[in-house]
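Asks: pasting the structure only:
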């Protein structure tokens, strides 16, 4: 296996316990971006003529987009924005029409994808601002599975799984303990949490990038610290108005959750994400082009705050949200072009999907509601992010693997939680009884659009739901205040009584049949109870 050569054009790392390892600063990486992309395109013709004979196992890339709705891609009916790069993956791969994230919110979905286990088993909910690492370091994970098969593993992008432990606050001025490395990633270049939260810094291998010893970082979630203006006190400085929760320290014209002191040189620029993360993925592929790799590319787009790069502004008719979709599509295309240039695309399995359904207004006012036009982020489905209705978890999902799959459209019922067991089967690895206990092997369905998938599927939002090919049962909830409707203008699907819909005949969930299907309601209730009680494969 090739040894990792550290990226040539990355941010300078200045940490007392970890000397400078890289040569170029943030200003240089941006100036070199155009040169890198040009070089990649020039070498493409020669590389595509070279067979990838050294790799006997496929490389695997998961593009995991944040808050991308079922209807947000051209191939799924988007209007007002073009997504030619992702559409090309669908045209030459398999496009799924009934594939789901586990949860209607991001962190439980990330957890279930990487562990093959439903998030409720570890009480995983929305990531708290100061959450510790939520995947136990001794738990089996997807990157650890790949390492067993001789792969190198990396995560690039947004990290929604917490850092450190519950015993002490994270010391951002040293190596951050308990993070991607403990989950199984050999290399990581990440945003430590959601972009609307402090600290607004990059971590490379769990060290803050560009941190000066003379300007250490402190953060607070309880009271203002430092000299940065805040959204609450200086709303005139904001590029996007924010609600009270998101009115802490202003960084790059955006007020965040919490307050940050120090770390001025380590601050990211929101509109540089597209180039920074694209370049980091390209560098990683360059380093491991001769050995199998697993890359988990976790997007910030199209989550709030939406601050697309200048080259994408105005490329859609929907303002920042639509422009962020275009940016996401460009990033995907650039990484795919790198694979082409190195002759790796045919032997790379690409899984493209989203962590939950769409949301328009989610703490910041960027015109997403007013500029929507004829576009339907959720397609014809009801609800969205946070919702128990279909749009909460039914997400665009595409598989691209030229060496193995036959292109087409699949109507199979599919779940992201099954990626684990399916890839284990591909790698000829037998799973332990306590490993990925909710994951089922559906490799045939992932690779063949004519093959059936799951018979039933558990979903989680503010309550639990159970899907079959025909039915959608939504369990009752004791929650009477519909804050999702009030704050997000999204139907939550939460009710104090059970709900049942025939999603084959009524995919928009307009007619509740629970009162006339009492026996079915009881059957689905018992199945959820049985699934919750499961403790091994």
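Replies: Now that the structure is in, tell me what you want to look at. Because the structure is a prediction, the values reported are computed rather than measured.
Asks: The stretch 151-300 of the chain: helices as residue ranges?
Replies: For the stretch 151-300 of the chain, the helices defined by DSSP state H, counting those that start in this stretch cover 180-183, 273-287.
Asks: which other helices and strands contact the last one?
Replies: Same thing as helix 273-287. helix 26-48, strand 152-158, strand 187-191, strand 293-298, helix 319-341 (3 or more Cβ pairs under 8 Å, 6 or more residues apart in numbering; DSSP states H and E). (Glycine included, C-beta is placed from N, CA and C.)
Asks: List the buried residues of it.
Replies: Buried residues in helix 273-287, defined by neighbour count with 16 or more other Cβ atoms under 10 Å: 273-287.
Asks: of those residues, closest to residue 78?
Replies: Ranked by distance to residue 78 (Cβ to Cβ), the buried residues of helix 273-287 are led by residue 274 at 19.1 Å.
Asks: Run a quick neighbour tally on the nearest residue to that closest one once chain neighbours are set aside.
Replies: Excluding the flanking residues, the one nearest residue 274 by Cβ to Cβ, 6 or more residues apart in numbering is residue 309, at 4.7 Å. As a burial measure, residue 309 scores 19 neighbours (other Cβ atoms under 10 Å).
Asks: quick one: contacts for residue 309?
Replies: Contacts for residue 309 (Cβ atoms under 8 Å, 6 or more residues apart in numbering) come out as 271, 272, 273, 274, 275, 327.
Asks: related to what we said a few turns ago, for the helices and strands packed on helix 273-287, which has the smallest mean pLDDT value?
Replies: Mean pLDDT is lowest for helix 26-48 among those, at a mean of 40.
Asks: helix or strand right after that one?
Replies: Using DSSP states H and E, the helix or strand that follows helix 26-48 in sequence is strand 59-65.
Asks: In its sheet, which strands sit next to that following strand, and in what direction?
Replies: Applying DSSP bridges to the sheet, strand 59-65 is found paired with strand 293-298 (parallel), strand 348-354 (parallel).
Asks: Need those in TSV (columns: distance to residue 176 and mean neighbour count).
Replies: As requested, the strands paired with strand 59-65 are arranged in TSV below (distance: least, Cβ to Cβ, whole Å; neighbours: other Cβ atoms under 10 Å):
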stretch	distance to residue 176	mean neighbour count
strand 293-298	17	26
strand 348-354	27	25
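Asks: For the residue nearest the centre of the chain, list each beta-bridge partner.
Replies: Nearest residue to the geometric centre of the chain (Cα atoms, centre = their mean): residue 64, 3.6 Å. Per DSSP bridges, the residues bridged to residue 64 are residue 298, residue 353.
Asks: again, but for residue 259
Replies: Bridge pairing for residue 259 (DSSP bridges) gives the partners residue 220.
Asks: Quick check: pLDDT value at it.
Replies: Per-residue confidence (pLDDT) for residue 259: 98.
Asks: buried ones in stretch 495-511?
Replies: Residues of stretch 495-511 classed as buried: 495, 498, 499, 500, 501, 503, 507, 508, 509 (neighbour count, 16+ other Cβ under 10 Å).
Asks: Let me know the closest of those to residue 522.
Replies: residue 498 (9.2 Å).
Asks: Next up, phi/psi of that closest one, please.
Replies: phi -70, psi 150 (degrees, to the nearest 10).
Asks: Wait, it touches residue 474, no?
Replies: Yes - if you go by Cβ atoms under 8 Å, residue 498 and residue 474 touch, sitting 6.9 Å apart.
Asks: So what would you say the end-to-end distance of stretch 67-86 is?
Replies: 16 Å (Cα to Cα, to the nearest Å).
Asks: quick one, what contacts the nearest residue to residue 504 once chain neighbours are set aside?
Replies: Nearest residue to residue 504, sequence neighbours excluded (Cβ to Cβ, 6+ apart): residue 470, at 4.9 Å. Counting by Cβ under 8 Å, 6+ apart, residue 470 makes contact with 502, 503, 504.
Asks: Quick check: the last one vs residue 469, distance?
Replies: So that's residue 504. Separation of residue 504 from residue 469 (Cβ to Cβ, to the nearest Å): 7 Å.
Asks: Turn the helices of the stretch 151-300 of the chain into CSV, including distance to residue 379 and mean pLDDT.
Replies: Listed next are those as CSV, based on distance: least, Cβ to Cβ, whole Å; pLDDT from 0 to 100:
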stretch, distance to residue 379, mean pLDDT
helix 180-183, 33, 98
helix 273-287, 26, 96
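Asks: Nearest to residue 437, out of these?
Replies: helix 180-183 (17.7 Å).
Asks: any residues touching that closest one, and which ones?
Replies: Contacts for helix 180-183 (Cβ under 8 Å, 6+ apart): 114, 133, 135, 137, 141, 143-144, 155, 159, 161, 188, 190, 205-206.
Asks: quick one: it to chain centroid distance?
Replies: Relative to its chain's centre, helix 180-183 lies at 17 Å (Cα atoms, centre = their mean, to the nearest Å).
Asks: just to revisit the earlier point, can you convert the contacts of residue 470 into CSV and add a column each for distance to residue 216, pLDDT and secondary structure?
Replies: Listed next are these as CSV, based on distance: Cβ to Cβ, whole Å; pLDDT from 0 to 100; DSSP: H, G, I helix; E, B strand; the rest coil:
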residue, distance to residue 216, pLDDT, secondary structure
502, 59, 98, strand
503, 53, 98, coil
504, 58, 97, coil
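Asks: In CSV: the residues you listed, plus distance to residue 479.
Replies: Below are those laid out as CSV (distance: Cβ to Cβ, whole Å):
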residue, distance to residue 479
502, 25
503, 23
504, 29
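Asks: that older thread, mind putting the helices of the stretch 151-300 of the chain in CSV, distance to residue 300 included?
Replies: Converted to CSV, these look like this (distance: least, Cβ to Cβ, whole Å):
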stretch, distance to residue 300
helix 180-183, 16
helix 273-287, 6
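Asks: before we move on, which element is residue 88 in?
Replies: Assigned by DSSP H and E, residue 88 falls within helix 84-91.
Asks: what do you get for residue 529?
Replies: Here residue 529 is assigned to helix 518-533, by DSSP H and E.
Asks: mind listing what's buried in that helix?
Replies: By neighbour count with 16+ other Cβ under 10 Å, helix 518-533 contains the buried residues 520, 521, 524, 525, 528, 531.
Asks: Looking at the residues you listed, spot the one nearest residue 381.
Replies: Using Cβ to Cβ, residue 524 comes nearest to residue 381 of these, at 19.6 Å.
Asks: who's in contact with the closest one?
Replies: 466, 471, 473, 500.
Asks: Would you map out the domains in this structure?
Replies: Domain assignment of the chain by automatic domain parsing yields the ranges 26-45+56-217+262-458, 459-533.
Asks: With distance to residue 251 added, can I get those domains in CSV?
Replies: Formatted as CSV, the domains of the chain follow (distance: least, Cβ to Cβ, whole Å):
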stretch, distance to residue 251
domain 26-45+56-217+262-458, 5
domain 459-533, 24
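Asks: Among the ones you listed, show me which one is buried the most.
Replies: Highest mean neighbour count among these (mean count of other Cβ atoms under 10 Å): domain 26-45+56-217+262-458, with a mean of 21.
Asks: Show me where the stretch 301-450 of the chain has its strands.
Replies: 348-354, 397-400, 408-410, 414-415 (DSSP state E, counting those that start in this stretch).
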